[in-house]
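[1] fold the following for me, if possible:
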Amino acid sequence: MRRQAANALVEFAIAWPVALLLVAGTIQLAVWGSEAFVARQAALSGARAGSVAGGSSQVAEATALAVLRPVLVGTTAAAGCAIQRRGQPQVWVCVVWRSATVEVRVAGSVPSLLPLVPGGSLPIGADVTLAREVFG
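    Numbering: from 1, shown residues only. As a prediction, this is how the structure comes out:
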């Protein structure tokens, strides 16, 4: 009886960390997927707002940031095409305004919930280009 209890305890000690890692990995994947989806939606919303008649790069940028900021966990979003900061992972929104199109890029990295990820952060990014509406 004691031997069975000892075996059960050893099996539990081996299986528990594996089960915990699987659960934590699943949560990490869900959070990362959600943030990647929001990056895509922010880029799309910004491009739509900038592509309408009367839109501008400032409107596209502000719209993308408004969609992005409330959802990011543990990081911040900023405007600009070449942000290079050390320390906390950063997500940025870059608007490229052309004569016939508007392109909105969302890129950067978000912090990992698990310390097993090299570098401690996971990349996210999206790039959307839409034709600008022109009347006249």
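[2] counting by contacts, list what the helix or strand of the chain with the lowest mean pLDDT packs against.
    For the chain, the helix or strand with the lowest mean confidence is strand 76-79, at a mean of 88 (criterion: mean pLDDT, DSSP states H and E). If contacts are counted by 3 or more C-beta pairs under 8 Å, 6 or more residues apart in numbering; DSSP states H and E, strand 76-79 sits against helix 57-68, strand 90-97. Bear in mind the C-beta positions are built from the backbone N, C-alpha and C, glycine included.
[3] in it, what counts as buried?
    Neighbour-count burial for strand 76-79 flags Ala77 (criterion: 16 or more other C-beta atoms under 10 Å).
[4] give me the neighbour count for Ser121.
    Residue neighbour count, defined by other C-beta atoms under 10 Å, stands at 17 for Ser121.
[5] angle of the longest helix along the chain against strand 90-97?
    In the chain, taking DSSP state H as the definition, the longest helix is helix 2-51. Between helix 2-51 and strand 90-97, the angle comes out at 30 degrees (axes from the mean of the first three to the mean of the last three C-alpha atoms, to 10 degrees).
[6] okay, stretch 28-44 in CSV with CA atoms only?
    Only the C-alpha atoms of stretch 28-44 are listed here, as CSV (Å, rounded to 0.1, in the frame of the first residue of the first chain):
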residue,chain,number,x,y,z
GLN,A,28,-0.2,32.4,-23.7
LEU,A,29,-1.2,31.3,-27.2
ALA,A,30,-4.8,32.7,-26.7
VAL,A,31,-3.5,36.1,-25.5
TRP,A,32,-0.9,36.3,-28.3
GLY,A,33,-3.6,35.4,-30.9
SER,A,34,-5.9,38.0,-29.5
GLU,A,35,-3.3,40.7,-29.6
ALA,A,36,-2.2,39.7,-33.2
PHE,A,37,-5.9,39.8,-34.3
VAL,A,38,-6.3,43.3,-32.7
ALA,A,39,-3.2,44.5,-34.5
ARG,A,40,-4.7,43.4,-37.8
GLN,A,41,-8.1,45.1,-37.0
ALA,A,42,-6.3,48.3,-35.9
ALA,A,43,-4.4,48.5,-39.1
LEU,A,44,-7.6,47.8,-41.1
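[7] cool, thanks, signing off.
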